[in-house]
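Asks: Starting from these lines, generate the structure:
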Amino acid sequence: MKSKRQKQILEIIEQEEVETQEELAERLRERGTDVTQATVSRDIKDLHLIKIPSGDGRYKYALPLDRGSANTGERLERMLKDSVLYIDYSENLIVVKMLPGTAQGLASIIDNLRWKEIIGTVAGDDTIFLVVKPKEAVEGLMLRLKEKMF
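Replies: Reported below is the predicted structural model:
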């Protein structure tokens, strides 16, 4: 539920100018997600959202400009340790099998790292596909991910 709600938050702030936590909570309710302002506040903190000028003297929520920060690396390690069941690969695809409901969160973290070898991620509920280019980079990337798991 948390990862779905946070994904909705990211979609909302990309599509609309949202000034307050209560406004954001209302947008979520309109999308069928029952939420309190306190929960939205925690989600804003988890997502590292910031307020930026909207151009008319007001402010709106947005993603930070530098989304590949050290904090993202810490989140990656925590998610890998807490949620990943196993990692395997075939050709230029890495498959990450996870606990149910955690794949989208980890895929988002990986996307934000902007590792040059990963050209994209596809996440379901409990599985992520990492598309790697060039194919020769797969083994090195596998080692990098596994090192962060232990």
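Asks: gap between the closest residue to E16 other than its chain neighbours and I12?
Replies: Excluding its sequence neighbours, the residue lying closest to E16 (Cβ to Cβ, 6 or more residues apart in numbering) is R27, at 6.8 Å. To be clear about C-beta, it is placed using only N, CA and C from the backbone, and glycine gets the same treatment. Note on R27: its distance to I12, by Cβ to Cβ, to the nearest Å, is 5 Å.
Asks: again with D82
Replies: For D82, the distance to I12 - Cβ to Cβ - is 27 Å.
Asks: next one: I44
Replies: 12 Å.
Asks: same thing with R58?
Replies: Distance from R58 to I12, by Cβ to Cβ: 16 Å.
Asks: These two: who's more crowded?
Replies: Legend: neighbour count by other Cβ atoms under 10 Å for R58 and I12, higher for I12 (18 against 10).
Asks: helix, strand or coil for the more buried one?
Replies: helix (DSSP: H, G, I helix; E, B strand; the rest coil).
Asks: Alright, calling it a day.
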